[in-house]
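S.K.: here is my input; please provide its structure:
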Amino acid sequence: MSRHNNNQGNTNSNVNEGGRKNKLESGTNIGKQKSSNNSHKDFQRETDVRVRIGSDHGTKKDIEDFTLFPTDKIKAHIEHHRDQIVSHLKMSLELTGKTGPIKNVYHVPGYNQHAAFNSYSSKRGDPPMNAKELILDAAKKIRLNTFLRDDSFFNKQQLGPYLPEREIEILTNTKYKMLSDKEEKKSRSSNKNELMSKSCTTYKYSSCGVVSSAGSLLHSGLGKDIDSNDFVIRFNNAPLKGYEKDVGNKTSLRIVNSQVVGKPEFGFLDDRKTKDLYTKTPVLVWDPSNYNASLEEWYSSPDFPFFETYFKKRLMRPDSEVHLLDPRSLWSIWDWLQSIQGKSLLMPNPPSSGFLGLMLAVFNCEKVNVYEFVPSTRMTKRCHYYDNQQNIGCTIGDWHPLAAEKLAALRMNVGNDTQVFKDGYLTIPGLLSLKSEKCPS
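M.R.: Below is the predicted model:
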């Protein structure tokens, strides 16, 4: 039986953060919030109050009425919502291991049944504080890799020939080239106070959109904004048809967990049933291993039985872009998240599909817009924009280390409070904009 949370297919994927600085470089003043003693029940009550504005049953009229409030009232409402969200994310993170035994099913080192300690406490130095430092730190510690046709392990299983020949396109987005003398002169003239290198960077995808499946996307009207990104990442079985005005119509990559692949009800092999949801665009499949498991151990005992279905898909469509993530990539994300948490413990479970997509975009784009990963004032108890499931755990986190993910995302965000908590998206500088010189246009 899978150790996945049964809500895995949801990927409400709201990004988390873990800020401890009084004033961050970003426009979101998350470091100023105080810890709350409120319970999840109090948070549920706050959500019920917000339903009057951004209705749980989500009528468009409710949201339009909100725009008629005076500016000062809107600002106060945004600030109150921000304070509540950040407070409860921090509380959720701080309570890990303090309210009962932790189920360490992935055998993460340093946790015991009563988990008041973990092995990372002696490894942490001073955590990065601003968005740039955080992203550069993540780039040093996180490794995101997929299996290709020449992989030695899968070739031993005689499955190598059925793997993709090339990487996901976004991983080859960056291209370095040498500046001509004319280009170098032009670049120097526009950057007089900076020391310019002889090389520069070009990339096909400048802006990338990461679209959660959150219920707060319903009636958001964000579809056009989402589609304006050069590259758009979506998750699991989140549909587009009928929701284009709110979530857009462009998909460049769909990230799915192994339950979506292995469970027949998701129709991973049935293109007619899913209307080519997993065929027309590239797909990245992930399944978590135990923390220190070898590939042999993972293959013989995956978290969810999906290998047969995955390779059937590869056989059916050998030229399709159906990629498989190295499970060690997930734990490199988890390690990094834990390293920036101070004394707080993470849930010893792998990161969410949403945060995987976020970090993939951050490492390979110039700018990343992340939609409703951190919930806006449209937040309700609804898990997904496309169904009626209600569970506040989809937002705060019952299984994935969602609180830490969302707090980390807020720390990387450079957008202001109105953009994040009213409009509904974070803006995160991509690694490409921090490490290399963009070629002159």
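
S.K.: so which bits of the longest helix seen in the chain are buried?
M.R.: Longest helix in the chain by number of residues, with DSSP state H as the criterion: helix 71-94. Neighbour-count burial for helix 71-94, counted by 16 or more other C-beta atoms under 10 Å, picks out 74, 77-78, 81-94. Placement of C-beta: from N, CA and C, glycine included.

S.K.: low-confidence ranges in the stretch 1-150 of the chain?
M.R.: 1-68, 97, 99, 112-128 (pLDDT under 70).

S.K.: follow-up on the earlier one: after the longest helix of the chain, which helix or strand is next?
M.R.: For helix 71-94, the following helix or strand on the C-terminal side (DSSP states H and E) is helix 131-141.

S.K.: mind giving me the packing neighbours of that following helix?
M.R.: Judged by 3 or more C-beta pairs under 8 Å, 6 or more residues apart in numbering; DSSP states H and E, helix 131-141 is in contact with helix 327-339, helix 353-364, helix 402-412, strand 425-429, helix 431-435.

S.K.: which one of those lies nearest to residue 418?
M.R.: Smallest distance to residue 418 across the helices and strands packed on helix 131-141 (C-beta to C-beta): 11.0 Å, for strand 425-429.

S.K.: which residues touch the closest one?
M.R.: Strand 425-429 has contacts (C-beta atoms under 8 Å, 6 or more residues apart in numbering) with 15, 131-132, 135, 222, 225, 358, 362, 366-374, 409-410, 412-415, 419-420.

S.K.: picking up where we left off before, now render the helices and strands packed on helix 131-141 as TSV, adding mean pLDDT, mean neighbour count and distance to residue 140.
M.R.: What follows is these, written out as TSV (pLDDT from 0 to 100; neighbours: other C-beta atoms under 10 Å; distance: least, C-beta to C-beta, whole Å):
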stretch	mean pLDDT	mean neighbour count	distance to residue 140
helix 327-339	96	21	9
helix 353-364	96	27	11
helix 402-412	95	29	15
strand 425-429	98	24	16
helix 431-435	83	18	11
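
S.K.: which residues does residue 372 contact?
M.R.: 14, 211-212, 214, 216-217, 220, 222, 378, 424-425.

S.K.: ok, and the most crowded of the residues you listed?
M.R.: residue 212 (34 neighbours; other C-beta atoms under 10 Å).

S.K.: okay, that residue: pLDDT?
M.R.: Note on residue 212: pLDDT of 96.

S.K.: surely it is in contact with residue 226?
M.R.: No. Using C-beta atoms under 8 Å, residue 212 makes no contact with residue 226, being 10.8 Å away.

S.K.: identify the contacts common to these two.
M.R.: Common neighbours of residue 212 and residue 226 (C-beta under 8 Å, 6+ apart) are residue 371.

S.K.: sketch out the low-pLDDT regions of the stretch 251-400 of the chain for me.
M.R.: Ranges of the stretch 251-400 of the chain meeting pLDDT under 70: none found.

S.K.: let's see that with 80 instead.
M.R.: 343, 392-398 (pLDDT under 80).

S.K.: quick one: the helices in it, in order.
M.R.: Counting by DSSP state H, counting those that start in this stretch, the stretch 251-400 of the chain has these helices, from start to end: 258-262, 271-274, 295-300, 307-316, 327-339, 353-364, 393-396.

S.K.: want to throw these into a markdown table with distance to residue 159?
M.R.: Putting the helices of the stretch 251-400 of the chain into a markdown table (distance: least, C-beta to C-beta, whole Å) gives the following:
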| stretch | distance to residue 159 |
| --- | --- |
| helix 258-262 | 15 |
| helix 271-274 | 22 |
| helix 295-300 | 9 |
| helix 307-316 | 6 |
| helix 327-339 | 16 |
| helix 353-364 | 23 |
| helix 393-396 | 35 |
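
S.K.: tell me which of the ones you listed sits nearest to residue 102.
M.R.: Of all the helices of the stretch 251-400 of the chain, helix 327-339 comes closest under C-beta to C-beta, at 13.5 Å.

S.K.: can you give me the end-to-end span of stretch 137-156?
M.R.: Counting by C-alpha to C-alpha, to the nearest Å, you get 35 Å between the two ends of stretch 137-156.

S.K.: roughly how far out does that stretch sit from the chain middle?
M.R.: In terms of C-alpha atoms, centre = their mean, to the nearest Å, the centre of stretch 137-156 is set 19 Å apart from its chain centre.

S.K.: got a list of contacts for that stretch?
M.R.: 128, 160-161, 163-168, 171, 284, 295-296, 299, 323-326, 328-329, 332-333, 335-336, 339-340, 356, 359-360, 362-363, 431, 435.

S.K.: just the buried positions in it, please.
M.R.: Neighbour-count burial for stretch 137-156 flags 138-139, 142, 144, 146-147, 151, 154 (criterion: 16+ other C-beta under 10 Å).

S.K.: what of stretch 216-235?
M.R.: 216-220, 222-223, 225-226, 229-235.

S.K.: measure that stretch end to end?
M.R.: 15 Å.

S.K.: next: stretch 91-102.
M.R.: 17 Å.

S.K.: and if you look at stretch 221-230?
M.R.: With C-alpha to C-alpha, one end of stretch 221-230 sits 19 Å from the other.

S.K.: now do stretch 339-359
M.R.: Across stretch 339-359, first to last residue, C-alpha to C-alpha, it's 16 Å.

S.K.: how far off centre is that stretch?
M.R.: The answer for stretch 339-359 is 10 Å, by C-alpha atoms, centre = their mean.

S.K.: so what's the residue count around residue 300?
M.R.: Residue 300: 10 surrounding residues under other C-beta under 10 Å.

S.K.: ok, now how distant is it from residue 157?
M.R.: Residue 300 sits 10 Å away from residue 157, going by C-beta to C-beta, to the nearest Å.

S.K.: residue 357 too?
M.R.: According to C-beta to C-beta, residue 357 stands 28 Å off from residue 157.

S.K.: equivalent analysis for residue 293, please.
M.R.: Per C-beta to C-beta, residue 293 is found 16 Å from residue 157.
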